[in-house]
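1. structure here, sequence nowhere to be found:
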């Protein structure tokens, strides 16, 4: 493979430095390395770092040394640790690699942006969020194909630097993902609705079912199994994700409660659940239509031209994706 | 195959007459026939009856002739039409096959029992409910293996005739199902919790997600896809099922609303969703434990002996199943 073939996107020409080698960070290290992109990682626990090293990847438990290397390389730094750990990491990044571009893979964007601005105020940051994951975690669960055809949200505001945006979007493209440009608040509302809320409805459904009787759990079949699956995710992981997006989650949770109360009143007073069943069916068909078709590319936008960021967001709101 | 081998359970020695050859009724006809049990069916529409006949099964669109045959055969009659159609069928059954034992495959039990008592008062009836189904319907979707290892609830009250119970339980066993004995009200509460409620939580989750934006649906991944799947079932089928079990559904829906309101208040006032996430996780583990292990058989009960029905129910409430 030639150097040109290894780096089809010049925006990703410098190494990538990944902090945290769990499911997402470890899979990203593997995907980049296997595609010929220089990449290395830091992991707090020796177990994960040793496993990565044994598998032929560059990994270290020395945060400062890793960040100094990143500074020497002008690396793109990817924060891939749980949201609850970034307060401790950001000042160290600001101290040892203040000029590196920083991105992350955390499932909320407003809170991370605020924390970066507070704890690493000089560091350039563009948020990211790959919609990829399983209920598993840790290096053992990593998969270099994890990001193939996944949606990877990249923060896109009117203040975003075009060259920095292209580097982060190029990272997503390099591992096979499709880029979804969005403002941080729009992203947080969207994932509250389609990723965080389902954990609460699954939890409530599971708790009510299990509270009824073991007879009920014995009779449970597909609708209960699928509808409660994400309630099985480790509680600490669920809480870290959901609580970091509390404001947006409160809004969609309140709307959900309102809809269920309306359905209860309709059932009690008129013996029917027509409105909720019809609305839910229509919504599921809308999802099937978007999920079932090949993603349509964002077109006609030159990154950096006047109004590029708002035009990307506008097309993304119509479910289009950026493919470079 | 000898006659003895074809009828391992003498309780099922007479033919089975199935009214309605959709997914459940048609699959039952095929499963029984393929196992060597005499079985035949009625279907209102010629399309389904013709398809069954063409496939080598005995099927008719003549309800009265089918019922007269059942009366001659002392057949076990299985009502396998939607709950909304039984008011029209029951008086005809009572007129032409008043001495046949009647069972059904409908997903609610108290309402069916009351309707049978009102519209076919002389007919012996024992309710049944196989927990088997897909989102598809009609003869084309039938599968003779549909009931293999499925849970098949059989109404079991202190008034239940032991010989009749054995015939209905024998039907379930003949097609490979495991028998779950339950009182009608306990069954209805259980399926409200684990089968009907998930339709409403899925519908609300889908509607809130689709209402947010197409961006949200584009970002949606596994938790939304699985959590809203049953919202895609045809609305008329969902409504018929849910509204027939309105009283039990109201109770579990109210409990769900209470749990979600408590979670909203906890999130708003204390920034955490700990209680709901922990309860949901514990509930899902309880389900995984029951679903993941081989079913344990009900033991030590002689059908017809003193207290047999209550002992069956007691063991079923501890998730055990009757295997004959």
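-> Received, thanks. The shown structure was predicted, so the numbers you read here are calculated from the model rather than taken from an experiment.
2. so what does the helix or strand containing residue A:181 touch, helix or strand wise?
-> Remark: residue A:181 resides in strand A:178-182, with elements defined by DSSP states H and E. Packed against strand A:178-182 by the contact rule (3 or more Cβ pairs under 8 Å, 6 or more residues apart in numbering or on different chains; DSSP states H and E) you find strand A:151-155, helix A:162-174, helix A:308-316, helix B:214-219. C-betas here are computed from N, CA, C, even on glycine.
3. give me the distance from that strand to the chain's centre.
-> Centroid separation for strand A:178-182 versus its chain: 11 Å, with Cα atoms, centre = their mean, to the nearest Å.
4. pLDDT of that strand, averaged?
-> For strand A:178-182, mean pLDDT rounds to 97.
5. which is the next helix or strand following it?
-> Assignment by DSSP H and E places the next element after strand A:178-182 at helix A:184-191.
6. and the residue of the stretch 101-250 of chain A that's closest to chain B?
-> Relative to chain B, the nearest point of the stretch 101-250 of chain A is residue A:203 (2.4 Å; Cβ to the nearest Cβ).
7. let me know the pLDDT of the residue lying closest to that residue once chain neighbours are set aside.
-> Take residue A:203 and drop its neighbours on the chain: the residue closest to it by Cβ to Cβ, 6 or more residues apart in numbering or on different chains is residue B:280, 2.4 Å away. With respect to pLDDT, residue B:280 has a value of 98.
8. residue B:280 falls within a strand, correct?
-> No. Applying DSSP: H, G, I helix; E, B strand; the rest coil, one finds residue B:280 to be helix, outside a strand.
9. roughly how far apart are it and residue B:319?
-> Using Cβ to Cβ, to the nearest Å, residue B:280 is found at 20 Å from residue B:319.
10. next one: residue A:192
-> 36 Å.
11. neighbour count: these two, which is higher?
-> Higher neighbour count among residue A:192 and residue B:319: residue A:192, with 26 against 21, using other Cβ atoms under 10 Å in any protein chain shown.
12. my guess is that one contacts residue A:252. True?
-> Yes. With contact defined as Cβ atoms under 8 Å, residue A:192 reaches residue A:252; the gap is 4.9 Å.
13. and the closest residue to residue A:167 other than its chain neighbours, what does it touch?
-> Nearest residue to residue A:167, sequence neighbours excluded (Cβ to Cβ, 6+ apart): residue A:11, at 4.6 Å. By Cβ atoms under 8 Å, 6 or more residues apart in numbering or on different chains, residue A:11 lies in contact with A:163, A:166-167, A:169-170.
14. now tabulate the residues you listed in JSON lines and tack on pLDDT.
-> Shown next, in JSON lines, are the contacts of residue A:11 (pLDDT from 0 to 100):
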{"residue": "A:163", "pLDDT": "96"}
{"residue": "A:166", "pLDDT": "96"}
{"residue": "A:167", "pLDDT": "96"}
{"residue": "A:169", "pLDDT": "97"}
{"residue": "A:170", "pLDDT": "96"}
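15. any of these buried? List them.
-> By neighbour count, with 16 or more other Cβ atoms under 10 Å in any protein chain shown, the contacts of residue A:11 hold A:166-167, A:169-170 as buried.
16. any stretches of the stretch 51-200 of chain A with poor pLDDT?
-> Low-confidence regions of the stretch 51-200 of chain A, defined by pLDDT under 70, span residues A:134-136.
17. what about the helices in it?
-> Here the stretch 51-200 of chain A has its helices, by DSSP state H, counting those that start in this stretch, at A:63-73, A:86-96, A:110-119, A:162-174, A:184-191, A:197-212.
18. ranking those by burial, who's on top?
-> helix A:197-212 (a mean of 28; mean count of other Cβ atoms under 10 Å in any protein chain shown).
19. regarding stretch A:148-162, how distant is the last residue from the first?
-> 24 Å (Cα to Cα, to the nearest Å).
20. and the residue lying closest to residue A:58 once chain neighbours are set aside, how far is that from residue A:125?
-> Nearest residue to residue A:58 in three dimensions, chain neighbours excluded: residue A:40, at 3.6 Å (Cβ to Cβ, 6+ apart). From residue A:40 across to residue A:125, the span is 20 Å (Cβ to Cβ).
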